[in-house]
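> got a structure for you, letters missing:
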């Protein structure tokens, strides 16, 4: 009786893990494989039911897409905007995160709510409001306009991670540095900054990915002059003729840096103070 009762309790974690990885495979791995296969479909043979896999594979779609000027322009725009947005968010999040994480700020909860407001509000509402403002100040359909509007949306991720990382830094280290004669600049440059670098890196990864995948704001503020990879992807999926093969190629190009940066973030997330800070998010 005891052994029979113990068996389900031991098997439950394995069943839960199997369920989790099964759902992850269905929701993540399967669409990724299907997208990769669509990008490799031979245009002459096609891919139609009841075939579960394409009858013939080819790199023709990749060659065709990279020969189209708009593909190169969209890639250049995405890989230009995302780093600029990431650096700008880091510059803004560093003092803000320090103030929220290390200083007694009045109305802190209200400030944190305002910081997270762009995440809570629907993107279309923000895009419509900012789009009308940008039209009045002449930033519509411009690269600076897209950079600013993306910064508004992805900045909360950077601020929250940097703030949590600042909170996790032990006060004893700062007090020890001050007792040894370190001034404010030395404490900031030799103690605080090195300890929050993993947080800045992880926040930068999420910011970069958020900028690369942002569509609604970029479409409303930047189109038709500024076209990023997500905007180009929508053009292939939302037009009159749905070109799945070309859309799959754009998806793979968009996913490649995202997956790479997620692996890099996984290494940063193992850092002691960053892990403690993220635990407070």
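Arrived safely, thanks for sending. No experiment lies behind these values; they were computed from the predicted model shown. Numbers count the residues shown, from 1 in each chain.

> so where's the stretch 151-281 of the chain shaky on pLDDT?
237-242, 265-281 (pLDDT under 70).

> and residue 45, how close does it get to residue 68?
As defined by Cβ to Cβ, to the nearest Å, residue 45 lies at a distance of 22 Å from residue 68. The C-beta positions use only the backbone N, C-alpha and C, and glycine is treated the same way.

> just give me the longest helix of this structure.
helix 69-102 (DSSP state H).

> can you pull the buried residues of the following helix or strand past it?
As assigned by DSSP states H and E, the chain's next helix or strand after helix 69-102 is helix 108-120. Across helix 108-120, burial judged by 16 or more other Cβ atoms under 10 Å covers 112, 115, 118.

> ok, and the closest non-adjacent residue to residue 244?
residue 38 (5.2 Å; Cβ to Cβ, 6 or more residues apart in numbering).

> oops, could you answer that again for residue 234 instead?
Nearest one to residue 234, counting by Cβ to Cβ, 6+ apart, is residue 215 at 6.3 Å.

> now do the one you found against residue 112, distance only.
Residue 215 is 27 Å from residue 112, by Cβ to Cβ.

> name the nearest residue to residue 167, sequence neighbours excluded.
Using Cβ to Cβ, 6+ apart, the closest residue to residue 167 is residue 101 (4.4 Å).

> identify the residues contacting that neighbour.
Contact analysis of residue 101 by Cβ atoms under 8 Å, 6 or more residues apart in numbering lists 162, 163, 164, 165, 166, 167.

> same thing with residue 218?
Residue 218 neighbours (Cβ under 8 Å, 6+ apart): 146, 149, 150, 226, 228, 230, 231.

> what do you get for residue 102?
166, 167, 169.

> out of those, which is most surrounded?
residue 166 (23 neighbours; other Cβ atoms under 10 Å).

> just the element for that residue, please.
Going by DSSP H and E, residue 166 is in helix 143-168.

> that helix: what's the following helix or strand?
Criterion used, DSSP H and E; the element after helix 143-168 is helix 171-179.

> now do that following helix: which elements does it pack against?
Secondary-structure packing of helix 171-179 (3 or more Cβ pairs under 8 Å, 6 or more residues apart in numbering; DSSP states H and E): helix 184-187.

> list the buried residues in the next helix or strand after the helix it packs on.
Following helix 184-187 in sequence order, the next helix or strand is helix 193-213 (DSSP H and E). For helix 193-213, the buried set under the neighbour-count rule, 16+ other Cβ under 10 Å, comprises 195-196, 198-213.

> again, but for stretch 52-66
Buried, per 16+ other Cβ under 10 Å, within stretch 52-66: 54, 58, 61, 62, 65.
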